[in-house]
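A.B. asks: this one's structure only:
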């Protein structure tokens, strides 16, 4: 690395570190990102874009639970929880809180994304007319990246405070 920050791997696989003792917190660099975090960010952007159409569908002609039988939504929440907890490899309060948060956020996105995907399958013109789907995905990508970088900033701030 070209900067003077000392890096150590955090429990989530993301790098954490200090700024060399100056007391200020640095913006996370590309060294702070992980393949897992980037994958979750991109998957989150796709789910967020589809979830937008799920909300459109639910406000319009469809009702929640028409895309998949509701037990599959519960299975998605459970699978997300299990994958995140297994990714951490430890049963600590932090790992448990992260697994619950990931399951709730991504599980909710999955529910609305499934409804949105079914709606787009039935009415593709909603996303294709005027390339609206590209605009929706672009916005979802920006939101997902802002959330991920914000998360890295909070983690680095907490690591430098302790």
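C.D. replies: On my side now, so go ahead. This is a predicted model, so every value here is computed, not measured.
A.B. asks: Please count neighbours and contacts with C-alpha atoms only from this point.
C.D. replies: Will do.
A.B. asks: Check the gap between the residue nearest the centre of the chain and residue 144 for me.
C.D. replies: Centroid-nearest residue in the chain: residue 44, 4.2 Å away (criterion: Cα atoms, centre = their mean). Separation of residue 44 from residue 144 (Cα to Cα, to the nearest Å): 6 Å.
A.B. asks: again with residue 128
C.D. replies: 22 Å.
A.B. asks: And residue 39, how close does it get to residue 69?
C.D. replies: 27 Å.
A.B. asks: With residue 145 instead?
C.D. replies: 31 Å.
A.B. asks: Next: residue 45.
C.D. replies: Counting by Cα to Cα, the gap from residue 45 to residue 69 is 24 Å.
A.B. asks: same check, this time on residue 41
C.D. replies: 27 Å.
A.B. asks: tell me the SS of residue 65?
C.D. replies: coil (DSSP: H, G, I helix; E, B strand; the rest coil).
A.B. asks: how about the strands in the chain?
C.D. replies: 7-9, 15-17 (DSSP state E).
A.B. asks: Would you single out the least confident of the ones you listed?
C.D. replies: The stretch with the lowest mean pLDDT among the strands of the chain is strand 7-9, at a mean of 37.
A.B. asks: Which one of residue 45 and residue 69 is surrounded by more residues?
C.D. replies: residue 45 (23 against 10; other Cα atoms under 10 Å).
A.B. asks: Contact partners for residue 100?
C.D. replies: Taking Cα atoms under 8 Å, 6 or more residues apart in numbering, we find residue 100 in contact with residue 81.
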